[in-house]
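Trainee: Sequence and predicted structure below; questions after.
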Amino acid sequence: MGEATAVFTRDGETWLPSVLSRGPWDERAQHGGAPGALLAHVAESAVDEPGWQLSRLSIELIKPVPVAPLTTRSDVHPARSTTRVTLKLLAGDVLVARAHALLVRGQPFELPAGLPGWEPAQLLPGPDDCTQRLLIPGMPTGVSFYQTAMEHRMARGNTAEPGPAAAWFRLAVPLIEGQSTSAAMRAVAAADFGNGLSWVLPADRYLFSNADLNVHLHRPPVGEWIGLSSATQPDGSGVGTTLSHLYDAGGPIGVAIQTLVMRERRDPS
């Protein structure tokens, strides 16, 4: 069997994940960005007219998504200006993720000059001026979505230390073999990195996996690079929240929020 060249391959109604989908916690389970981007693709495929854009994707990661054959089911609820899609991701008969997507029919108009917006207006430095890779202490190495499928460059912060940080992300391989990767798919694939980028607890002593991913996009990103400026708020209850502002090279494109399940690792002894 040759080296994997895409995160997923489609075989009829089945999605076959490669080793490039692997996550950081268990090599048998996928990184959340892989199934997230796949669900974005399925949601976008629910409308076949031009002019629609994925505005929101709310994903519940019910169980670890296995590196194993998957199927999707969807229900489409169309309207004049919006289309809502409910999606299920299954491994065999087991529901592993559920999502709700909102697509909006765009009606462009000219905005008045000088309107206020989010700050900062751009994530700087841009990807062409960044070289340092994102290295999360305690994360395993090897072929994975984090290490291999995604290229990353630090923009702000130091991931050797806990706290907020910013970085640029770009898919290094196609998400689906033989198909182009849409702008929204690229954004969702990158958005799931927020909790690792802005870690606050060391990965060798704690787990801080996200149980969901909620992405809101007010416009599709332009270009291959997606920027995240992320911060994590932990709590002693065992629940945390990561908020990421999303960018392309031209400015803000949306936000992402993750609910974190935080646990102390068991002492091997």
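Mentor: Thanks, I have the structure now.

Trainee: now the strands for the stretch 51-200 of the chain?
Mentor: Across the stretch 51-200 of the chain, reading from the start of the chain, the strands by DSSP state E, counting those that start in this stretch fall at 52-61, 71-78, 82-91, 94-105, 150-156, 165-171.

Trainee: Can you check which of those gets nearest to residue 265?
Mentor: For these, proximity to residue 265 was assessed by CB to CB; strand 52-61 is nearest, at 19.7 Å. Placement of C-beta: from N, CA and C, glycine included.

Trainee: Can you list the neighbours in contact with that closest one?
Mentor: Contacts to strand 52-61, defined as CB atoms under 8 Å, 6 or more residues apart in numbering, come from residues 32, 35-36, 39-40, 43-44, 83, 96-106, 184, 188, 210-220.

Trainee: Mind giving me the ChimeraX command for buried ones among those?
Mentor: Burial among the contacts of strand 52-61 is assessed by 16 or more other CB atoms under 10 Å; the matching ChimeraX selection reads:
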select :32,35,36,39,40,43,44,83,96,97,98,99,100,101,102,103,104,184,188,210,212,213,214,215,216,217,220
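
Trainee: and for the helix or strand hosting residue 209, what are the contacting residues?
Mentor: Secondary structure assigned from DSSP states H and E places residue 209 in strand 206-210. Counting by CB under 8 Å, 6+ apart, the neighbours of strand 206-210 from elsewhere in the structure are 25, 32, 61, 192, 195, 199-201, 232, 234, 240, 242, 258-265.

Trainee: nearest to residue 6, of the strands of the stretch 51-200 of the chain?
Mentor: strand 165-171 (9.8 Å).
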